[in-house]
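Participant: How does the following fold in three dimensions:
(one chain, ligands or ions: 1)
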Amino acid sequence: MLIIWGLRVIYRTLGQGVFFCRRCGGDREYRHRAGRRYVTVFFIPLIPLAKTGEHVQCLTCKTRYVTEALRLPTTVQMQVALAEGARALVAARLRAGGPASPPARRRAIEAVTATGGPGYGESALNADLAEPAESGRTKIVALGGQLQVQAREWYLAEAVRIAMADGPLTSAERATAGQLATGLGMTQAQAIGVIMLTEQGAGQN
Ligand SMILES: [Zn+2]
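Facilitator: Predicted coordinates for the structure are as follows:
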């Protein structure tokens, strides 16, 4: 009798959730899997061999990534962090430049609203200003510490894209992006590079 031997990788799912898929360019469902090779006899896996390592697969485009892909923040996490970062920056600037000035307050509220903080107004601004000056700065630095270098760059690029939603970067927006970069722990050169690339990229869309 002829025995049909074969080799096959069997996967088991370790977890699932939502991650940022670079290929899709957005938040997608993923499956985190580990594989193991088996020798099959008549197509039935019988003898386990070496493990093939883990991967994360996008359920939309089927692209496989190394598990480190899960450490990149999702777009939603990014937006939350971005809005928090913007609030912290704006509060810090207002504290330094006179928190009672109506035009400055209006600009601050506009700046936060523009970076994805709808519903932000006078009372929310007062609450932010009432926080200890260091806590905002700490928030930004803590955020930067949690992010991988790649994620910091992505975060900054996202901030620049949002700032450019209404036209080319103003010098104030450029300065804010620079402060954000510093808070995130990026060097000046890194920041300038990311901002420039993002501006060029936006021109091509
Ligand atoms: Zn994908």
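Participant: What are the contacting residues of the lengthiest helix in the chain?
Facilitator: Looking across the chain with DSSP state H, the single longest helix is helix 75-97. For helix 75-97, the external contacting residues (C-beta atoms under 8 Å, 6 or more residues apart in numbering) are 18, 20, 26-27, 73, 104-105, 108, 111-112, 115-117, 120, 124-125, 128-129, 131, 133, 135-137, 139-140, 143, 154-155, 158-159, 162, 176, 179-180, 183. In this view, the C-beta of every residue, glycine as well, is placed from N, C-alpha and C.
Participant: Enumerate the positions of it that are buried.
Facilitator: Under the neighbour-count criterion of 16 or more other C-beta atoms under 10 Å, helix 75-97 has 75, 78-79, 81-94 buried.
Participant: related to what we said a few turns ago, in strands only, show me the contacts of helix 75-97.
Facilitator: 18, 20, 26-27 (DSSP state E).
Participant: Now for these, which sits with the most neighbours around it?
Facilitator: Within those, neighbour counts (other C-beta atoms under 10 Å) peak at F20, which reaches 22 neighbours.
Participant: how far away is that residue from the ion?
Facilitator: According to C-beta to the ion, to the nearest Å, F20 and the ion sit 9 Å apart.
Participant: Kindly report the same for T176.
Facilitator: Distance of T176 to the ion, computed by C-beta to the ion: 31 Å.
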